[in-house]
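In: following is a predicted model, sequence given first.
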Amino acid sequence: MREDDHISREQCDRSAHYRSVHGSSSRNPAPHPLSPCRRERGPLRRRPSFKRRWQQRSWWVRLLLSLLLALACVLLLAVLLGSPDPDTSPSTSTASSGSEVTSSPLLSQILDYVGAFIMPCGNCFYRVKGQEDLCESFFMYNRAKGTLYDGETRLFLRGNGKPVYMYSMGGLAEYCVVPANALAVLPDSLPYTESEILGCVVFTSYGALRHAAEMRPSDSVAVIGVGGVGSSFICNCLQIAKAFGASQVIAVDVLDEKLQNATTLGATHTVNAANDDAVERIKEITDGRGVDVAIEALGKALTFSQCAKSVRDGGKAVMIGLAATNVMGEVDITHLVRRQVKIIGSYGARARQDLHQIVKLAESGAFNLQNTISRKCKFEEANGAYEDLNHGKIVGRAVVEIME
């Protein structure tokens, strides 16, 4: 520190005395109230810069701080990128549940796992946007080509080595290969067979309520078409709606048997669309307004229109039913614009963040998995089960059990 960096009290006094005798001028202006000469806290010292202070530290202190900073960056990067996408995890089950995952270094323990039918790569554009249920690699490779995200399959026939391609997780295959991003550990407290629906219909319904509808406590919900996906929604995701705080849950279908099943499992109201006008009935139940959230679960033009008309002003119509190719739904554009009705499509949920939450909900008793499953069949009976499903003979959900 230089000598002129210190201004003593005596120098301040002399300066003040000189100005009191000779007066102030442009050459000798009066000291500013905040000038050093006005301060009475001793000599003024200049604070060293950050760069100067950093250079004055011991080399080992600088090294330690640099290492800590590097470690923090690595941890932050790991959180942002999520789990790496290891090659595989062989599993023994149907489309949504597996066990004895041993080949992946990330999943080295012998545990039971439940898998989501949407398997995100964890690296694409939509992952950054927080919409990994739209994963580009999943639709480009798995759905379009039946491969994993390197464009290759891991399954081959024993006899001739011919490659076997898979749709989603493998369906009715005894073994399948899936990215670890699509798996969650299945706790011992949950039933193995019944938990297979967690990564399928529950996964779909959770995404519709949590992300598409952004459901709030006290919202009223209508499910139009409780057969197919809708019946399982009523069976257990209705209970998710209850867990989210739904005030009313209205089930709409054309079969009394399915509506009775929905009532048994917690629906507050039912509407038989074969006997009543579904839209008018829903509005009667909701004091003429319509529901906050309507779910369409069949993928038909008629139910699409009913869903859009059933919501209140500012409400949300969420479509989760898949339709045949080129099926078009009609909507009143003027009503949509003036009444701020929102029509949203929803295909599934986000495996890495949602699947674990779904398992926790099931473990907490938010819904009863065993009451959701209406039929269990062996592998040899799978064709008959699909025929019954095609003819609407299955109420609830059927599960194909594959045992070694």
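Out: Noted; the coordinates are in hand.
In: quick check: Val318 vs Gly245, distance?
Out: Taking CB to CB, to the nearest Å as the measure, Val318 and Gly245 are separated by 17 Å. Where you see a C-beta, it was placed from the backbone N, CA and C, and this is true even at glycine.
In: out of the two, which sits in the more crowded spot?
Out: Here Val318 and Gly245 are set side by side on neighbour count (other CB atoms under 10 Å), and the busier one is Val318, at 27 against 11.
In: test my guess that that one contacts Met215.
Out: No. With contacts defined as CB atoms under 8 Å, Val318 does not count as touching Met215, sitting 9.6 Å away.
In: who touches both of the two?
Out: Listed as contacting both Val318 and Met215 by CB atoms under 8 Å, 6 or more residues apart in numbering are Val293.
In: which strands or helices does the longest strand along the chain pack on?
Out: Counting by DSSP state E, the longest strand found in the chain is strand 311-319. Contacting strand 311-319 under the criterion 3 or more CB pairs under 8 Å, 6 or more residues apart in numbering; DSSP states H and E are the following elements: strand 291-296, helix 301-310, strand 342-345.
In: now for the first one, which elements pack on it?
Out: In this case it means strand 291-296. strand 220-224, helix 301-310, strand 311-319.
In: can you tell me what sits against it?
Out: The contact list for strand 291-296 (CB under 8 Å, 6+ apart) reads 205, 208-209, 213, 215-216, 219-225, 230, 233, 248, 250, 282, 303-304, 306-308, 310-312, 315-321.
In: give me the buried subset of the residues you listed.
Out: In these, burial by neighbour count holds for 205, 208-209, 213, 215, 219-225, 230, 233, 248, 250, 282, 303-304, 306-308, 310-312, 315-321, counting by 16 or more other CB atoms under 10 Å.
In: all helices of the stretch 51-200 of the chain, in order?
Out: Secondary structure of the stretch 51-200 of the chain (DSSP state H, counting those that start in this stretch): helices at 59-81, 125-128, 136-137, 144-145.
In: residues near Leu71, how many?
Out: Neighbour number of Leu71 under other CB under 10 Å is 10.
In: contact partners for it?
Out: When contacts are counted by CB under 8 Å, 6+ apart, Leu71 is found next to no other residue.
In: also the one 4 residues further on?
Out: Residues counted as contacts of Leu75 (CB under 8 Å, 6+ apart): none.
In: what about it, distance to Leu69?
Out: On the measure of CB to CB, Leu75 and Leu69 end up 11 Å apart.
In: residues near the residue nearest to Pro120 when sequence neighbours are not counted, how many?
Out: In space, and not counting its chain neighbours, Pro120 is closest to Glu132: 3.9 Å by CB to CB, 6 or more residues apart in numbering. Counted with other CB under 10 Å, the burial measure for Glu132 works out to 27 neighbours.
In: doesn't Ala351 make contact with Glu132?
Out: Yes. Using CB under 8 Å, Glu132 is in contact with Ala351, at 6.9 Å.
In: okay, and the common contacts of the two?
Out: Residues touching both Glu132 and Ala351 (CB under 8 Å, 6+ apart) are 118, 120.
In: note down every partner strand of the longest strand of the chain and its orientation.
Out: Partner strands for strand 311-319, per DSSP bridges, with pairing direction: strand 291-296 (parallel), strand 342-345 (parallel).
In: right, so of those, which gets closest to Leu148?
Out: Comparing the strands paired with strand 311-319 by their distance to Leu148 (CB to CB), the top pick is strand 342-345, with 26.3 Å.
In: the residue nearest the centre of the chain and Asn261, how far apart?
Out: Centre of the chain computed as the mean C-alpha position; nearest residue by CA atoms, centre = their mean is Arg350, 3.7 Å away. Arg350 sits 30 Å away from Asn261, taking CB to CB as the criterion.
In: and if you look at Val293?
Out: In this structure, Val293 and Asn261 are 21 Å apart, going by CB to CB.
In: more neighbours: which of these two?
Out: When Val293 and Asn261 are compared for neighbours, Val293 comes out ahead with 28 against 22, by other CB under 10 Å.
In: the more buried one - nearest residue in space that isn't next to it in sequence?
Out: For Val293, the spatially nearest residue (CB to CB, 6+ apart) is Ala213, at 4.4 Å.
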